[in-house]
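Asks: Got a predicted model here, sequence first, then my questions.
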Amino acid sequence: MNILIPHSWLLDYLKTEAKPEEIGRRLSLAGPSVESVSRQGNDWVYDIEVTTNRIDMYSVLGIAREAAVILKTSSLVRLTAAGARGRTTVDYLKVKIDKRLCPRFAAALVENVKVKPSPLEVQRQLTLAGHRPINNIVDTSNYLMHAYGQPVHVFDYDRIGGHKMILRESWKGEKITTLDGKTFTLAGGDIVIEDGKGKLIDLCGIMGGANSAVSEKTKNVLLFVQKYDPKRIRKTSLKLQQRTAAAQIFEKDPDVEAVGPVLAEGVKLLENWAKGKARKQVLDISENRPAASPISLSWEMMDTYLNHQVKHEEAAEILTSLGFRVNEIATPRRGGARNDGDNEGIEATPPSWLANGIKIDVDLIEEIARIWGYGKFESLIPEGRIPLTDPGQKLWFESEAKILAAHLGYTELYTTPLVSASEIATPRRGGARNDGLRLANPLSEDWEYLRTSLWGGLLGAMKQNKPLAPVSVFELAPVFLKKGDHELPEERLRLTLATHRPAEVILGQLQSMANEWGIDTRVEMTEVDNLADGKSGVVYSNKLAVGIIGQVSGEIMAGYELDLPVWILDLDFDLVKKLAKKTLSLNPAPKFSAISEDITLILPPKAMLGAIIETMKKKSALIQSIKVVDRWENTVTLRVEFNSEDKQLTQEEVNKQKEAILAALVLVFPGVSLPRQGDS
């Protein structure tokens with residue numbers, strides 16, 4: 001956000017002899033970034049970038065406050081407290097508000113105004129600040145917003161039906177025409193004001209309604225200053241694409257304590273510039289506003305961060321000059337007595353305009369450091385040992401999973417979470433479609449929906465890398481699943497691997513990962529959406545489904561113009577993390593020697609090797625491990641190790657186990673057979 005401030009306007013609040021170039025340079029070193037200081041006629045204009053967390057500086061007064069501290073001058077004209085005391089009811093306006101939407105609602109009536117051009121100096125300052133002068137009434141609202149960072153609205157009081165205001169949520173389908181002549185159909189949930197005749201007269205926080213606008217015929221003006229729910233304002237502004245200056249301020253939660261003083265200042269300006277007369281009663285409806293909480297800062301912590309270069313007295317003075325209330329935290333003596341000498345730190349209570357941005361002790365340290373001067377700190381090389389990565393950090397398991405996938409021969413990808421309508425419309429079985437979440441304001445047709453799986457990005461990368469095939473890629477990232485119509489999506493972390501390598505390879509890799517994570521897995525053959533029939537299954541750990549595995553269907557392959565078969569392993573990584581063992585357990589070395597046997601099988605077309613291996617393990621408790629050692633077309637050779645914890649097995653005992661296993665396979669999987677003697 002950038003704001004233009006004429007030097008002459010700044011001097012209305014800041015009394016200093018410093019030249020504009022000096023003020024611009026000093027502000028940039030310690031406060032907001034002054035992008036340029038340019039001469040405009042007999043004046044100078046500062047073009048200042050204000051960071052979004054410091055909305056208090058999006059005003060002439062806010063910049064004057066900063067400059068007064070940085071230039072070390074106490075000559076600052078401050079915003080005075082409100083004049084007339086506010087009331088919750090007044091005789092000239094009936095009000096009904098939803099306090100969830102508007103925690104502070106203030107208004108004053110100024111009668112018998114004369115609509116005319118503003119004073120020439122005001123017009124000049126507004127023009128240099130980027131505003132178009134209109135008349136003394138409208139200019140008052142723009143002047144107040146630019147001077148104090150508090151948006152203000154003016155209504156033609158006589159055009160408010162029944163002199164009544166109802167502040168509420170909009171209903172779906174309601175329409176309002178704003179001051180710029182645009183008509184909007186509201187989606188519902190926006191903050192609006194309805195008058196006593198049922199007309200919408202204000203799209204709150206965005207722009208006023210055309211049916212209550214000030215004109216040359218206006219005689220009585222309702223000056224309106226308020227505080228809104230910032231999230232509602234931002235949502236409406238983005239939805240309607242109305243990024244007005246008022247909306248950009250309101251969505252960043254400006255100082256609620258400025259409402260009363262700005263209203264009082266606005267009344268003075270209307271009486272001065274428009275020769276009106278204000279009613280004595282001032283409306284001010286407000287929720288209980290809790291005082292800002294003090295923030296404790298220990299000198300030990302500050303010295304650690306700032307390397308003992310800022311004196312404690314200087315730090316306290318800096319915070320005081322920024323508007324904080326500072327109290328010492330005394331160091332107790334033995335027995336609980338207070339030490340009146342040195343203290344262990346301070347408690348600093350932020351002023352109202354900083355209460356939203358200054359929350360914790362390091363925020364205080366940052367304020368002290370920038371005002372003291374970043375350039376004054378000595379350049380020192382860090383000392384001591386470089387800290388090692390904490391294995392208990394939040395992303396450790398994710399990092400280890402990525403390393404494991406890389407060791408298995410996969411290349412990691414980072415794909416966009418936004419996808420096109422064609423990808424989100426990938427059909428499910430039975431003709432259903434994925435229920436994706438469409439963005440309200442997509443940047444393009446290619447980035448219209450939040451993804452519901454990682455498949456699209458991986459398959460798209462395989463398409464782009466067809467000349468390098470066969471390839472193996474993976475991604476560990478969140479997907480977004482729709483919940484209720486008005487709820488945020490459920491965010492689930494998925495680990496998805498895609499490879500051109502054959503089925504037994506990815507099945508073996510699944511087992512390798514399961515062994516690394518300390519979980520048991522099995523694959524149950526079943527039909528899975530977008531995977532080929534007879535070549536797909538659900539991955540279970542105990543009785544929980546943790547993912548799917550299988551060959552991508554021909555329809556999906558054709559959509560991505562892929563020729564080589566692609567196998568997918570897609571795991572719910574959030575669930576895997578919960579099941580994984582955090583510590584490794586070691587098995588004792590076997591007491592007896594294992595006997596290794598190679599078993600060659602001829603498989604039927606749709607047989608899943610994983611299911612065959614599971615059946616073999618269930619049939620014989622003496623099987624220690626099974627590995628695929630060779631495969632050609634529909635023939636596979638498995639190396640099976642047999643062992644017992646109780647005795648040394650004999651070849652005769654192993655042969656009986658083999659016969660029982662083969663009999664079970666023929667029974668469970670019709671079509672499984674042994675090669676005939678003499679077959680090669």
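Replies: Ah, there it is. Quantities reported herein were computed from a predicted structural model and do not represent experimental measurements. Residues are numbered from 1 along each chain as shown.
Asks: so after the helix or strand residue 345 falls within, what's the next helix or strand?
Replies: Taking DSSP states H and E as the criterion, residue 345 maps to strand 338-349. Next helix or strand after strand 338-349 toward the C-terminus (DSSP H and E): helix 361-372.
Asks: tell me which strands and helices that following helix is in contact with?
Replies: strand 295-298, helix 299-306, helix 312-321 (3 or more CB pairs under 8 Å, 6 or more residues apart in numbering; DSSP states H and E). For the C-beta atoms, the positions are set from N, CA and C on the backbone; glycine is no exception.
Asks: closest one to residue 535 among these?
Replies: Proximity to residue 535 (CB to CB) singles out helix 299-306 among the helices and strands packed on helix 361-372, at 59.1 Å.
Asks: how about low-confidence regions in the stretch 401-550 of the chain?
Replies: 424-435, 485-486 (pLDDT under 70).
Asks: try the chain
Replies: In the chain, residues with pLDDT under 70: 74-76, 78-85, 330-342, 382-384, 386-394, 424-435, 485-486, 582-586, 606, 676-680.
Asks: Which strand or helix spans residue 624?
Replies: strand 623-632.
Asks: what's the answer for residue 126, then?
Replies: Per DSSP H and E, residue 126 falls inside helix 120-128.
Asks: For residue 343, give its distance to residue 327.
Replies: 10 Å (CB to CB, to the nearest Å).
Asks: Reformat the helices and strands packed on helix 361-372 into CSV and put distance to residue 657 and mean neighbour count next to each item.
Replies: Below are the helices and strands packed on helix 361-372 laid out as CSV (distance: least, CB to CB, whole Å; neighbours: other CB atoms under 10 Å):
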stretch, distance to residue 657, mean neighbour count
strand 295-298, 71, 18
helix 299-306, 67, 15
helix 312-321, 79, 17
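Asks: now for the ones you listed, which one comes closest to residue 645?
Replies: Evaluated over the helices and strands packed on helix 361-372, closeness to residue 645 peaks at helix 299-306, with 57.5 Å, by CB to CB.
Asks: mind listing the helices for the stretch 451-600 of the chain?
Replies: Using DSSP state H, counting those that start in this stretch, the helices of the stretch 451-600 of the chain run over 455-464, 503-517, 554-559, 573-579.
Asks: no no, the stretch 201-350 of the chain
Replies: Using DSSP H, counting those that start in this stretch, the helices of the stretch 201-350 of the chain run over 230-240, 245-250, 259-273, 299-306, 312-321.
Asks: got the buried residues for the first one?
Replies: Of the residues in helix 230-240, 230, 232, 233, 234, 235, 236, 237, 240 count as buried by neighbour count, 16 or more other CB atoms under 10 Å.
Asks: Would you format these as CSV with distance to residue 362 included?
Replies: Output for these, formatted as CSV (distance: CB to CB, whole Å):
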residue, distance to residue 362
230, 24
232, 30
233, 29
234, 27
235, 31
236, 34
237, 31
240, 38
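Asks: farthest-separated two in those?
Replies: Across the buried residues of helix 230-240, the longest distance by CB to CB is 16.2 Å; it joins 230 and 240.
Asks: quick revisit: relative to residue 200, which of the helices of the stretch 451-600 of the chain is closest?
Replies: Comparing the helices of the stretch 451-600 of the chain by CB to CB, helix 455-464 comes nearest, at 42.8 Å.
Asks: ok, residues contacting the closest one?
Replies: Under the criterion CB atoms under 8 Å, 6 or more residues apart in numbering, residues 413, 415-416, 419, 423, 426, 451, 469, 471, 473-475, 496, 498, 500, 530, 552, 556, 560-562, 566, 568, 570 lie in contact with helix 455-464.
Asks: which ones among those residues are found in strands?
Replies: Residues from those lying in strands, with DSSP state E as the criterion: 419, 473, 474, 475, 496, 498, 552, 568, 570.
Asks: Looking at these, which two lie furthest apart in space?
Replies: Maximum pairwise distance in those, criterion CB to CB, is 18.0 Å, between 419 and 474.
Asks: Strands along the stretch 551-680 of the chain, start to end?
Replies: Secondary structure of the stretch 551-680 of the chain, counting by DSSP state E, counting those that start in this stretch: strands at 567-572, 595-602, 623-632, 635-642.
Asks: could you dump those strands to a markdown table with mean neighbour count and distance to residue 67?
Replies: Formatted as a markdown table, the strands of the stretch 551-680 of the chain follow (neighbours: other CB atoms under 10 Å; distance: least, CB to CB, whole Å):
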| stretch | mean neighbour count | distance to residue 67 |
| --- | --- | --- |
| strand 567-572 | 23 | 55 |
| strand 595-602 | 16 | 83 |
| strand 623-632 | 14 | 75 |
| strand 635-642 | 18 | 79 |
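Asks: out of those, which comes closest to residue 157?
Replies: Closest among those, using CB to CB: strand 567-572, at 60.8 Å.
Asks: ok, and the closest non-adjacent residue to residue 157?
Replies: If the residues on either side of it in the chain are set aside, residue 157 comes closest to residue 220, at 4.0 Å by CB to CB, 6 or more residues apart in numbering.
Asks: so how far is residue 504 from residue 669?
Replies: Distance of residue 669 to residue 504, computed by CB to CB: 16 Å.
Asks: Over to residue 161?
Replies: In terms of CB to CB, residue 161 sits 78 Å off from residue 504.
Asks: Quick check: which helices or strands does the helix or strand following the helix holding residue 126 pack against?
Replies: As assigned by DSSP H and E, the chain's next helix or strand after helix 120-128 is helix 136-148. Judged by 3+ CB pairs under 8 Å, 6+ apart, helix 136-148 is in contact with helix 60-70, helix 120-128, strand 152-156, helix 245-250, helix 259-273.
Asks: Could I get these in CSV, plus columns for mean neighbour count?
Replies: Formatted as CSV, the helices and strands packed on helix 136-148 follow (neighbours: other CB atoms under 10 Å):
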stretch, mean neighbour count
helix 60-70, 24
helix 120-128, 17
strand 152-156, 23
helix 245-250, 21
helix 259-273, 21
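Asks: and residue 33, which of these is closest to it?
Replies: Closest approach to residue 33 among the helices and strands packed on helix 136-148 (CB to CB): helix 60-70, 11.7 Å.
Asks: Dump the helices of the stretch 451-600 of the chain into a markdown table; add mean neighbour count as well.
Replies: Listed next are these as a markdown table, based on neighbours: other CB under 10 Å:
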| stretch | mean neighbour count |
| --- | --- |
| helix 455-464 | 20 |
| helix 503-517 | 18 |
| helix 554-559 | 14 |
| helix 573-579 | 17 |
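Asks: In a markdown table: those, plus distance to residue 268.
Replies: Below are those laid out as a markdown table (distance: least, CB to CB, whole Å):
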| stretch | distance to residue 268 |
| --- | --- |
| helix 455-464 | 60 |
| helix 503-517 | 71 |
| helix 554-559 | 69 |
| helix 573-579 | 59 |
